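Trainee: Structure of the sequence below:
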Amino acid sequence: MLVKTAVLRAAGKAELVDRELPEVGSHEVLVRILADNICTSEYGVFNGARTNRPLPLVFGHEWAGIVEEVGSEVSSVQVGDYVASGYHYDPYTIPSREGRTSECPHLMGADHPNPDGYFGNAGCAERTIVNEVACYKIDEGIDPSTAALLEPLGTCCAGFRRFGCDFGDTVVVIGAGTMGILNALVAKAHGCRVLITEMMPKKLEAARRLGLEAIDVSACDPVEKVKELTGGKGADGVIVAVAASGAYAQAIDMLKEKRGRLLIFAAGYPAPKWELDPNTVHYRRMVIVGTYGADYVDFKEAANLINMGVANFSELVEEKIPLDEIQHAFERACEPGMFRISVICQEEK
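Mentor: Down below sits the predicted model:
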């Protein structure tokens, strides 16, 4: 079967190719893709910031679609199911059996080599074939571009699980981009009081429309504002959702004096510099956590949050652009201050 598939051949160059799909394997499913959202990591390849990805790249790991065919051993989904994508892992490896599916040595990612010479997951296409473990059921009536937020939302669920904050804690999120707001919504869903800092008016407005307590850092000292809003105590935890050197120092200053928790969520290219006094961590008994990716349980939680409608996640879909205009879609995604650009691969029937 030939399907139109988006490919990044070089920085600044995205195009469509006709790509032959193999037969569906025993534990695989064929999915008709409705929408695929362009991830930060993908437009980082397009704009030349991320040079650690092999090319040509058939990208796409934030998608939603309809199951059209299932392999002989598939048991978790059936033809006609509406699904969104998590990670393609091997359920029989030791990390996967221990629940650490994101650490599976056979995890299919952007550097995954395909037999036809392309690398990647190939989710930005008319159709794709995945292992059934990558599929999470979505309720009918949810917009495909919203459903496709499952993967990034899952990574926020994973980060929060490792973070250690809980119901009643005050959490600050630095940065109100797509990932910052998703982190904030996950923390709020867990019963935390959430403050989110940002300077761009558009992002501040989006955060407030989603019911978040937003701090305009262009109008105040954000550290002092956090202290003021917490009665001088400081935050129980801070999530850094931007890759900027100043954000890390700011986060330390926002934390409460003892036992504060810091989650490093965002990666930066080039890597931001950070000078941290280990004595500060030692005497203040701080906990610093790094997070990357998500496990099966996190994607299940993300699917539940989307299906329950805990927030109007569609606020984070900036624009929908047809698959045939993939170059334009990437150019839009690279513009400053954008939320998710959603590539419409096929219209709903």
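Trainee: Now for the residue nearest the centre of the chain: which residues touch it?
Mentor: Nearest to the mean C-alpha position of the chain, counting by C-alpha atoms, centre = their mean, stands Pro152 at 1.8 Å. Shown in contact with Pro152 (C-beta atoms under 8 Å, 6 or more residues apart in numbering): Asn37, Cys39, Glu62, Thr178, Met179, Leu182. Heads up, the C-betas are built off the backbone N, CA and C, glycines and all.
Trainee: Could you do Thr101 as well?
Mentor: Tyr87, Tyr89, Pro91, Pro95, Leu107, Val133, Asp295, Tyr296.
Trainee: Could you check how far it is from Leu57?
Mentor: 23 Å (C-beta to C-beta, to the nearest Å).
Trainee: pLDDT score assigned to Ile196?
Mentor: Looking at Ile196, its pLDDT is 99.
Trainee: which residues does it form a beta bridge with?
Mentor: Beta-bridge partners of Ile196, counted by DSSP bridges, are Val173, Ala214.
Trainee: Surely it touches Val171?
Mentor: No: with contact defined as C-beta atoms under 8 Å, Ile196 and Val171 do not form a contacting pair (9.2 Å).
Trainee: which residues do the two both contact?
Mentor: Common neighbours of Ile196 and Val171 (C-beta under 8 Å, 6+ apart) are Ala184.
Trainee: And this structure, what are its domain boundaries?
Mentor: 2-137+312-344, 154-290 (automatic domain parsing).
Trainee: Just tell me which of the ones you listed ends up closest to Lys300.
Mentor: Closest of these to Lys300 is domain 2-137+312-344, at 6.8 Å (criterion: C-beta to C-beta).
Trainee: Just checking the distance from the closest one to the centre of its chain.
Mentor: Its chain's C-alpha centre and that of domain 2-137+312-344 lie 13 Å apart, by C-alpha atoms, centre = their mean, to the nearest Å.
Trainee: try stretch 188-207
Mentor: On C-alpha atoms, centre = their mean, the centre of stretch 188-207 falls 17 Å from the chain's centre.
Trainee: Return the set of buried residues in it.
Mentor: Buried residues in stretch 188-207, counted by 16 or more other C-beta atoms under 10 Å: 188-190, 192-198, 200, 203-204, 206-207.
Trainee: Flag the shaky bits of this structure, pLDDT-wise.
Mentor: 349 (pLDDT under 70).
Trainee: Would you map the helices across it?
Mentor: In the chain, the helices defined using DSSP state H lie at 40-46, 94-97, 144-147, 150-163, 178-189, 201-209, 222-229, 245-254, 278-283, 296-308, 326-333.
Trainee: could you redo these as a markdown table and give each row distance to Cys345?
Mentor: Shown next, in a markdown table, are these (distance: least, C-beta to C-beta, whole Å):
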| stretch | distance to Cys345 |
| --- | --- |
| helix 40-46 | 15 |
| helix 94-97 | 29 |
| helix 144-147 | 9 |
| helix 150-163 | 15 |
| helix 178-189 | 20 |
| helix 201-209 | 25 |
| helix 222-229 | 40 |
| helix 245-254 | 35 |
| helix 278-283 | 46 |
| helix 296-308 | 19 |
| helix 326-333 | 10 |
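Trainee: Out of those helices, which gets nearest to Asp111?
Mentor: helix 40-46 (11.4 Å).
Trainee: related to what we said a few turns ago, could the domains of the chain be laid out in JSON lines, adding distance to Ile306?
Mentor: Below are the domains of the chain laid out as JSON lines (distance: least, C-beta to C-beta, whole Å):
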{"stretch": "domain 2-137+312-344", "distance to Ile306": "6"}
{"stretch": "domain 154-290", "distance to Ile306": "10"}
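Trainee: For Thr146, which of these is the nearest?
Mentor: Among the domains of the chain, domain 2-137+312-344 comes nearest to Thr146, with 4.8 Å by C-beta to C-beta.
Trainee: start to end distance for the closest one?
Mentor: End-to-end distance for domain 2-137+312-344: 18 Å, by C-alpha to C-alpha, to the nearest Å.
Trainee: what does stretch 173-180 give?
Mentor: For stretch 173-180, the first-to-last residue distance is 6 Å (C-alpha to C-alpha).
Trainee: Same check on stretch 38-52?
Mentor: Its start and end residues considered, stretch 38-52 measures 18 Å (C-alpha to C-alpha).
Trainee: Who are the contact partners of Arg97?
Mentor: By C-beta under 8 Å, 6+ apart, the residues touching Arg97 are Pro91.
Trainee: Pull up the gap between it and Glu301, please.
Mentor: From Arg97 to Glu301 the distance is 20 Å (C-beta to C-beta).
Trainee: Now restrict the contacts of Thr101 to buried residues only.
Mentor: Looks like the contacts of Thr101 have Tyr87, Tyr89, Pro95, Leu107, Val133, Asp295, Tyr296 buried, using 16+ other C-beta under 10 Å.
Trainee: State the pair within these that is farthest apart.
Mentor: For those, with distances taken as C-beta to C-beta, the pair at the greatest spread is Pro95 and Val133 (13.3 Å).
Trainee: No more questions from me, cheers.
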